[in-house]
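> below are the sequence and a predicted model; questions follow.
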Amino acid sequence: MTLDTTHDNRRRTHFSGHDALWLFGYGSLIWKADFPYRERRPAHIHGWVRRFWQGSHDHRGTPEAPGRVATLVRQPGAICHGMAYRIAPEVLAPLDVREKNGYLREIVRLHFDDAENASAEGVVYLAGPDNAAFLGEAPLDAIAAQIAASHGPSGANRDYLLNLAAALNDLGVEDDHVFALANRLDGEAC
Ligand code: SIN
């Protein structure tokens, strides 16, 4: 698989022709919503956990020294909290470019946190274990050290992690993986 998923995503036309669709964000899409949206609501999805297992060659690292960013990993019974955005289908095109380093648009059922039993089908950008930038599991200390050392065109990798931890904290979401990594970086001199 190549490192640029833009064209694969353009062929994923599930919501084309719709007036609007829901996008579920669980990483930078929670704290960096620099795209137009009509509405946003805290939401969660079932059966997935957030993990810093995806390499970043284009935003928070380089091809020679990739950073680590969030993806979703299947875990039966788990719940992953994030943010749902109501967007127009044409907003997906620039997001495909932003998420091009291994993420593919997948269809997911998202559940809104602010209304009981309210759910909708939506799109999530998911970087699976077979994508070329996938780094996979590593000890938390090793992941934290890689994040602490990495920089890319979008800035320091540590800022991605600490911004995500702060956004989850604001949402009242507990995420042991993210908070354990953030604590390791907080303790370091930068
Ligand atoms: C997401 O935030 O939903 C996808 C991964 C990222 O852009 O950090």
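Cool, got the structure. Quick caveat, the model's predicted, so the values are computed rather than measured. Residues are numbered from 1 along each chain as shown.
> I'd like the distance between the residue nearest to the spatial centre of the chain and Tyr103.
Nearest to the mean C-alpha position of the chain, by CA atoms, centre = their mean, lies Gly27 at 3.2 Å. Going from Gly27 to Tyr103 by CB to CB, to the nearest Å gives 9 Å. C-beta: built from backbone N, CA, C; applies to glycine.
> overlap of the contact sets of the two?
Common neighbours of Gly27 and Tyr103 (criterion: CB atoms under 8 Å, 6 or more residues apart in numbering): Thr71.
> around the ligand, which positions in the protein sit nearby?
Counting by CB under 6 Å from any ligand atom, the residues of the chain close to the ligand are Gly25, Tyr26, Gly27, Ser28, Leu29, Val69, Ala70, Glu99, Tyr125.
> pretty sure the last one is in a strand, no?
Just to be clear, that refers to Tyr125. Yes - under DSSP: H, G, I helix; E, B strand; the rest coil, Tyr125 falls within a strand.
> bridging residues for it?
Arg105 (DSSP bridges).
> relative to Ala88, how far out is it?
Counting by CB to CB - Tyr125 and Ala88 are separated by 17 Å.
> how about the first one?
Note on Gly25: its distance to Ala88, by CB to CB, is 16 Å.
> what residues does stretch 9-20 touch?
Contacts of stretch 9-20 (CB under 8 Å, 6+ apart): 21, 38, 86-89, 92-93, 96, 99-100, 103-105, 107, 123.
> which ones are touching the residue in the chain positioned nearest to the ligand?
Residue nearest to the ligand within the chain (CB to the nearest ligand atom): Gly27, separated by 2.6 Å. Residues near Gly27 by CB under 8 Å, 6+ apart: Arg50, Val69, Ala70, Thr71, Tyr160, Leu164.
> how about Pro129?
Contact partners of Pro129, counting by CB under 8 Å, 6+ apart, are Val73, Gly136.
> same check on Pro63?
Contacts of Pro63 (CB under 8 Å, 6+ apart): His57.
> quick one: Ala148 from Ala156, how far?
9 Å.
> report the rounded mean pLDDT for whichever helix or strand Leu29 is part of.
For Leu29, the host element (DSSP states H and E) is helix 28-31. For helix 28-31, mean pLDDT rounds to 98.
> can you list contacts of that helix?
23, 59, 69-70, 82-83, 85, 125, 160, 163-164, 166-168, 171.
> repeat that for 7 Å
Defining contact as CB atoms under 7 Å, 6 or more residues apart in numbering, one finds that helix 28-31 is touched by Gly82, Met83, Tyr160, Asn163, Leu164, Ala167.
> of those residues, closest to Leu135?
Nearest to Leu135, judged by CB to CB, of those is Tyr160 at 14.5 Å.
> count of residues packed around Gly122?
Applying other CB atoms under 10 Å, we find 21 other residues in the vicinity of Gly122.
> surely it is in a strand?
Yes - judged by three-state DSSP, Gly122 forms part of a strand.
> leaving aside the residues next to it on the chain, what's closest to it?
Trp22 (3.4 Å; CB to CB, 6 or more residues apart in numbering).
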